[in-house]
Every structure is written in structure tokens, then in C-alpha cells.
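>>> need a 3D model of the sequence below.
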Amino acid sequence: LGCSLEAVVNIDASQLDTSSTIITKRQFFAGATTEFPISLGYQSSDGKLYFSLDSGGNFTADLSLSAAITTGAAHHVVGVYRPNGVCELWIDNVLAAFGSFTGTIASNGRNWLIGASHGNGGGVGNHRFKGVIDEAAIFSAALSEARIAEHYAAFAGLPSPGGGGGGSPLPVTHAYGFVS
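Numbers count the residues shown, from 1 in each chain. Got it, this is the predicted structure:
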């Protein structure tokens, strides 16, 4: 089935945390190798969006895709893991990076978080995102290229690529602003 993480983000240019989280199940201070299963976030040190996957074999991600993204403007971002192991990072309906993941995504039993990662001992508060996260969604299937285009069209106010109006709305309509 794969999975997809999706959001509309507007990254504050004064982002202080060098590795901020958009959507994750990640633990900040890992006590086990399964603490880094999946994450979509932003690295202020290099101005890049990243999508990371890990099988739990060590304390580093097995695959981390990244691509440059501008701050101070809204962007539609999607991380996709396909059942055949292909992983993709989409920014504003453009395939910005891709790679292969040859394991099974680790499972740590933690809740999904938006705008921060789990802290030491399971608390919340590390890797805080500064800016706005809107339309956050977690899918238990890989979004198709056509579905990503429909979601982007809805975000951008464009006609649906398949015709027939503005496309499908994204599944979550609450905005979350996190400031450190």
C-alpha cells in the first residue's frame, strides 16, 4: 500500500531549529534504533525540505530525500513511499527528489505529531516548526501522481487536472502555527 505525508507549509525565514518537523513519528533523543521511522521536515541549515524513512537497523535514516524550498511563501509538499520501494518528494506539484527504500519502515508505536517531534522520554517539544502548517494529512497509501496534481490544484485554486472543477479538497482543514 505504501504511505504519503502531505501538508501546505509556509516556513518562517527566521526558523531557529536547524531540523524542524512538519509531520513525524520520530523521537528526538533516540533510545532505540526504531525511533526514526518516518519524517517530513525542513532543514534551516541548508534551506531544504526532507522526507526520511528508516527500517530501524541503526540510529540514522536509511533514506533521506531533500530539495530546496523557499521560506516566506506557501508550498504544497508531499512525501510518498510506494509499495515497490520508490520514494518521492514533491514540492508544488513538481517531483523534487526520488530514491529507493529497500526495507520495511520501522514501527515505534508513537503517535503522529505535527510541528514537533517526540522529545526525550516520549514528550513533545523538540524540532519545532516555525511558520504555518495547513491541510496536514497522513495517508495509508501512496498518492498517485494524478492525485498529487489534484491536491495541488485545490491548494493553488486551479482547475482540476482531470477536469470538472477545483479537484478534491485536502482531508484536514485546520491551520497550526508553531513558534519556538
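
>>> quick one: the strands in this structure?
With strands called from DSSP state E, the chain shows them at 3-11, 19-24, 38-43, 48-53, 63-68, 74-81, 86-91, 94-100, 113-114, 117-118, 124-126, 131-139, 175-178.

>>> adding distance to residue 155, write those out as a markdown table.
C-beta here means a position set from N, CA and C on the backbone, and glycine is covered the same way. Shown next, in a markdown table, are the strands of the chain (distance: least, CB to CB, whole Å):
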| stretch | distance to residue 155 |
| --- | --- |
| strand 3-11 | 6 |
| strand 19-24 | 15 |
| strand 38-43 | 16 |
| strand 48-53 | 15 |
| strand 63-68 | 18 |
| strand 74-81 | 5 |
| strand 86-91 | 12 |
| strand 94-100 | 13 |
| strand 113-114 | 17 |
| strand 117-118 | 25 |
| strand 124-126 | 27 |
| strand 131-139 | 7 |
| strand 175-178 | 13 |
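
>>> how about CSV for the ones you listed, with mean pLDDT added?
Output for the strands of the chain, formatted as CSV (pLDDT from 0 to 100):
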stretch, mean pLDDT
strand 3-11, 91
strand 19-24, 80
strand 38-43, 84
strand 48-53, 86
strand 63-68, 83
strand 74-81, 94
strand 86-91, 93
strand 94-100, 92
strand 113-114, 79
strand 117-118, 64
strand 124-126, 54
strand 131-139, 89
strand 175-178, 34
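
>>> find the nearest non-adjacent residue to residue 142, please.
With CB to CB, 6 or more residues apart in numbering as the criterion, residue 142 has its nearest non-adjacent residue at 3.2 Å, and that residue is residue 2.

>>> what sits against the one you found?
Residues in contact with residue 2, defined by CB atoms under 8 Å, 6 or more residues apart in numbering, are 80-83, 141-142.

>>> ok, back up a step: adding distance to residue 153 and mean neighbour count, write the strands of the chain out as a markdown table.
Converted to a markdown table, the strands of the chain look like this (distance: least, CB to CB, whole Å; neighbours: other CB atoms under 10 Å):
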| stretch | distance to residue 153 | mean neighbour count |
| --- | --- | --- |
| strand 3-11 | 13 | 23 |
| strand 19-24 | 21 | 24 |
| strand 38-43 | 21 | 24 |
| strand 48-53 | 20 | 23 |
| strand 63-68 | 21 | 18 |
| strand 74-81 | 9 | 23 |
| strand 86-91 | 13 | 21 |
| strand 94-100 | 13 | 15 |
| strand 113-114 | 23 | 18 |
| strand 117-118 | 31 | 25 |
| strand 124-126 | 34 | 15 |
| strand 131-139 | 13 | 19 |
| strand 175-178 | 20 | 14 |
